[in-house]
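*Asks:* Got a predicted structure plus its sequence, pasted below:
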Amino acid sequence: MFYSTKSEPKHGLPHNPFKAIVAPRPIGWISTRTSTGDNLAPYSFFNAVSDAPPQVMFASGGMKDSATAAKKSGVFCVNFVTQSLLSAMNASSADVGQAVDEFTLAGLEKAECETINCPRVALAPAAMECEVLDVITLKGGQNFMVLGEVTGIHIAPWALTDGRYDVVKIGMIARLGYKDYSMVNEIFELERPR
């Protein structure tokens, strides 16, 4: 099967397969703070884009609260989702008003960041404090990418095994397509050829 994304009819399937094909995707659980309060929302269009210096991005369909707050404050924090935090992450995805604190809505404890003025999810196995480098308008007019430089990283001691961040032990959650999610429960190593 082949389909063009620029002409009709497109795929002819009951659901768009694009996000199912580009999977699994890490979930960037983005926390922000403005003068009107704190915000927390999951983004499946999230990833690392560089490691020297460390940089991450999240993309928003529309200038939603997280993107707006990050642009205004110049900072955001990326929290990572585990199996034990899945229900809270889902609760924080509710479409609520800007004045609603999703930490409270999801029953989550906040912790303060060290390098930026922003809350983070206290029970997250890892969190990355970020300074906004740019907010880029993507093709389509209502798609925005927030690019940030990581200024500090929190790792819960229980998330480490022999000095390595253990995604199996923490039950790392990833986003697939449709309404589907996955949990990392097996890993393997592969050496690059010399």
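*Replies:* Structure's in. What do you need? What you see is a predicted model; the values in this text were computed from it and never measured. Numbers count the residues shown, from 1 in each chain.
*Asks:* helices or strands up against the longest helix along the chain?
*Replies:* The single longest helix within the chain, with elements called by DSSP state H, is helix 65-73. With contacts taken as 3 or more Cβ pairs under 8 Å, 6 or more residues apart in numbering; DSSP states H and E, helix 65-73 sits against strand 28-34, strand 37-43, strand 54-61, strand 75-79, strand 126-138, strand 143-155. Placement of C-beta: from N, CA and C, glycine included.
*Asks:* which residues are in contact with that helix?
*Replies:* 30, 32-34, 39, 41, 43, 58, 60, 63, 76, 98, 117-118, 132, 135, 144, 146, 148 (Cβ atoms under 8 Å, 6 or more residues apart in numbering).
*Asks:* Give me the pLDDT for P119.
*Replies:* In this model, P119 is scored at 98, pLDDT.
*Asks:* Flag every buried residue along the helix or strand bottoming out on mean pLDDT in the chain.
*Replies:* The weakest-scoring helix or strand in the chain, judged by mean pLDDT, DSSP states H and E, is helix 18-21 (a mean of 93). Residues K19 are the ones in helix 18-21 that count as buried (16 or more other Cβ atoms under 10 Å).
*Asks:* hmm, who's touching the helix or strand just after it?
*Replies:* From helix 18-21 onward toward the C-terminus, using DSSP states H and E, the following helix or strand is strand 25-26. Residues outside strand 25-26 that contact it (Cβ under 8 Å, 6+ apart): 19, 44-47, 80, 172, 174-176.
*Asks:* for the least confident helix or strand of the chain, packing partners?
*Replies:* Secondary elements touching helix 18-21 (3+ Cβ pairs under 8 Å, 6+ apart): none.
*Asks:* can you dump the C-alpha coordinates of that helix into CSV?
*Replies:* Below are the C-alpha coordinates for helix 18-21, written out as CSV (Å, rounded to 0.1, in the frame of the first residue of the first chain):
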residue,chain,number,x,y,z
PHE,A,18,1.0,8.2,10.8
LYS,A,19,1.5,8.3,14.6
ALA,A,20,1.3,4.4,14.7
ILE,A,21,4.2,4.2,12.3
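*Asks:* contacts for that helix?
*Replies:* 5, 25, 44, 175-178, 180.
*Asks:* Among the residues you listed, name the buried ones.
*Replies:* Using 16+ other Cβ under 10 Å, the buried ones in the contacts of helix 18-21 are 25, 44, 175-177.
*Asks:* Mind putting those residues into a markdown table with pLDDT?
*Replies:* As requested, the buried ones among the contacts of helix 18-21 are exported to a markdown table (pLDDT from 0 to 100):
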| residue | pLDDT |
| --- | --- |
| R25 | 97 |
| S44 | 96 |
| R175 | 97 |
| L176 | 97 |
| G177 | 95 |
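*Asks:* Nearest to P14 among the helices and strands packed on helix 65-73 would be which one?
*Replies:* Evaluated over those, closeness to P14 peaks at strand 54-61, with 21.0 Å, by Cβ to Cβ.
*Asks:* buried residues in that closest one?
*Replies:* Buried residues in strand 54-61 (16+ other Cβ under 10 Å): 56-60.
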